[in-house]
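# got a sequence here, can you model it:
(one chain, ligands or ions: 1)
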Amino acid sequence: MMMNSLKNQYKLPIGTVLRGKWHQHQYKIIKELGFGANGIVYLVQSSNGYAALKMSPNSLSIITEVNVLKAFSKVQGSALGPSLLDVDDWQWKGELVPFYVMEYIHGRDLLSFVRVKGCSWIGVLLSQLLSDLQSLHEEGWVFGDLKPENLIVTENPNRIRCIDVGGTTIKGRAIKEFTEFFDRGYWGLGSRKAEPTYDLFAVSMIAINLAYPKRFDKHHQGDSLSQLVQSIRQKQELTKIEPVLIKALQGQYKSASEMRRELLHCLSYSRISKRKKEKQKKQPMNQKINKNNTTSKQLRKRKKKGKKLETLIIILTVALLYTLYILGQLI
Ligand SMILES: Nc1ncnc2c1ncn2[C@@H]1O[C@H](COP(=O)(O)OP(=O)(O)OP(=O)(O)O)[C@@H](O)[C@H]1O
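Purely as a prediction, here's the structure:
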């Protein structure tokens, strides 16, 4: 967490107007969006509409994040990070405050999105995330600090986006930033070397976190893989994609696209078996309907039979009366 004194240092009143020293673009502060270890982020009004402005006393972290956002913009078709709009310094109280401006990503954070919209969204959102990760990995980067707080789901269309690129690391180096629950090193299930499997482990932990919003700690006894497998098996929303989650926890996927393929396969299989179950549930009802149909048919048959018998009795009675009448005439 950013030191409180630093947060206070950059706490700006709503309505403050910043002008960049070099590009002379103007930004009006609308509200604070949040703050973290590396800086404070504001929603600002620019000449082109709303944007997110991040400022930090640490110019190195600003430069690093700007470089990552620039690299992201080269990843074709990827909507993972916000697009970079401006980089500048603000002359304030006799010092230069470095800042950058990025696309404002409006939406709910992943945890609250799933809480509101339901767990059926988990598969779709994870598959979106995996296809963006594939593009990022192909460009030689590993995201690093993947966690629900860093992921926002936009409305219309619902799209998963990432807002904190501070942990993005070049492949092969040591992961820069991580959060224990999503870090395979913490669970003793791999190293902190930046490689695709590191992100894929975190994707699996994100799925677990969505089913366990309060998260949980590592047990001190027993191996942590069995603890995580147990946690997956206890939640119906996770059992559907259990084999994929376990494989990712074990680092068995070579790429995000391979994990995505198997995830989609699991999801379509679970949809088919759900439909089958629904059909089976409906079947006894059909049989009931058939049974009812047979009964009414039988009733109709019985009615017909009854009518025939009635006619026969009438004919016989008339014939008997007629015979008696003829006999009467003869005698
Ligand atoms: N582009 C954006 N669009 C919308 N909201 C944003 C954007 N960027 C950041 N935020 C908001 O600002 C908060 C803090 O931003 P950010 O996480 O980048 O700061 P940080 O100092 O890097 O934090 P951390 O301690 O996680 O590294 C985020 O949690 C999010 O709510």
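# contact partners for residue 104?
Residue 104 makes contacts with 43, 50, 51, 52, 82, as judged by CB atoms under 8 Å, 6 or more residues apart in numbering. To be clear about C-beta, it is placed using only N, CA and C from the backbone, and glycine gets the same treatment.
# the same query, at a cut-off of 6 Å, please.
Applying CB atoms under 6 Å, 6 or more residues apart in numbering, one finds that residue 104 lies in contact with 50, 51, 52.
# same check on residue 50?
Counting by CB under 6 Å, 6+ apart, the residues that residue 50 touches are residue 104.
# residue in the stretch 1-150 of the chain nearest to the ligand?
residue 36 (1.7 Å; CB to the nearest ligand atom).
# for the stretch 201-331 of the chain, that is, sorry about that
With CB to the nearest ligand atom as the measure, residue 202 is the residue of the stretch 201-331 of the chain nearest to the ligand, at 14.1 Å.
# out of the contacts of residue 104, who's near the ligand?
Intersecting the contacts of residue 104 with the contacts of the ligand gives residue 52 (criterion: CB under 6 Å from any ligand atom).
# ok, the contacts of residue 104 vs residue 127, which is closest?
Closest approach to residue 127 among the contacts of residue 104 (CB to CB): residue 52, at 26.3 Å.
# give me the helices and strands touching the strand or helix carrying residue 198, please.
Mapping residue 198 onto the secondary structure by DSSP states H and E places it in helix 196-211. Identification of packing neighbours for helix 196-211 by 3 or more CB pairs under 6 Å, 6 or more residues apart in numbering; DSSP states H and E yields helix 121-138, helix 242-249.
# tabulate these (a markdown table), appending mean neighbour count, distance to the ligand and mean pLDDT.
Supplementary listing: those in a markdown table, determined by neighbours: other CB atoms under 10 Å; distance: least, CB to the nearest ligand atom, whole Å; pLDDT from 0 to 100:
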| stretch | mean neighbour count | distance to the ligand | mean pLDDT |
| --- | --- | --- | --- |
| helix 121-138 | 21 | 15 | 94 |
| helix 242-249 | 20 | 23 | 98 |
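# counting by contacts, list what the helix or strand encompassing residue 226 packs against.
Element membership of residue 226, judged by DSSP H and E, is helix 224-233. If contacts are counted by 3+ CB pairs under 6 Å, 6+ apart, helix 224-233 sits against helix 242-249.
# what's near enough to touch residue 56?
By CB under 6 Å, 6+ apart, residue 56 lies in contact with 38, 39, 62.
# report pLDDT for the first one.
You'll see residue 38 listed with a pLDDT of 79.
# the closest residue to it other than its chain neighbours: neighbour count?
Once its chain neighbours are removed from consideration, residue 38 has its nearest residue in residue 61; the separation is 4.4 Å (CB to CB, 6 or more residues apart in numbering). By the other CB atoms under 10 Å criterion, the neighbourhood of residue 61 contains 16 residues.
# wait, the residue of the stretch 201-331 of the chain closest to the ligand touches residue 147, no?
No: assessed by CB atoms under 6 Å, residue 202 is found out of contact with residue 147, at 7.2 Å.
# any common contacting residues for the two?
residue 182.
# who has more neighbours out of those two?
Neighbour count, other CB under 10 Å: between residue 202 and residue 147, residue 202 has more, with 27 against 22.
# list the contacts for the more buried one?
Under the criterion of CB under 6 Å, 6+ apart, the contact partners of residue 202 comprise 146, 182.
# from here on, count from 29
In the new count, where the first residue is 29, that last one comes out as residue 230.
# now do the helices in the stretch 229-359 of the chain.
252-261, 264-267, 270-277, 284-358 (DSSP state H, counting those that start in this stretch).
# what lies in contact with the shortest one?
Among residues not part of helix 264-267, those counted as contacts by CB under 6 Å, 6+ apart are 147, 239, 260.
# if we use 10 Å, what do you get?
Outside helix 264-267, the residues within contact range by CB atoms under 10 Å, 6 or more residues apart in numbering are 142, 146-151, 232, 235-236, 238-240, 259-261, 272-273, 298.
# give the buried subset of those as a ChimeraX selection command.
This is the ChimeraX syntax for the buried subset of the contacts of helix 264-267, where burial follows 16 or more other CB atoms under 10 Å:
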select :142,147,149,150,151,232,235,236,238,239,260,272,273
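# what parts of the protein come near the ligand?
Counting by CB under 6 Å from any ligand atom, the residues of the chain lying close to the ligand are 30, 61-67, 69, 80, 110, 130-133, 177, 191-192, 194.
# mark which of these are buried, thanks.
Of the members of the residues of the chain next to the ligand, the ones counted as buried by neighbours, 16+ other CB under 10 Å, are 30, 61, 63-64, 66-67, 69, 80, 110, 130-133, 191-192, 194.
# ok, so of the residues you listed, who is nearest residue 118?
Out of those, the one with the shortest distance to residue 118 is residue 67. That distance is 12.7 Å, counting by CB to CB.
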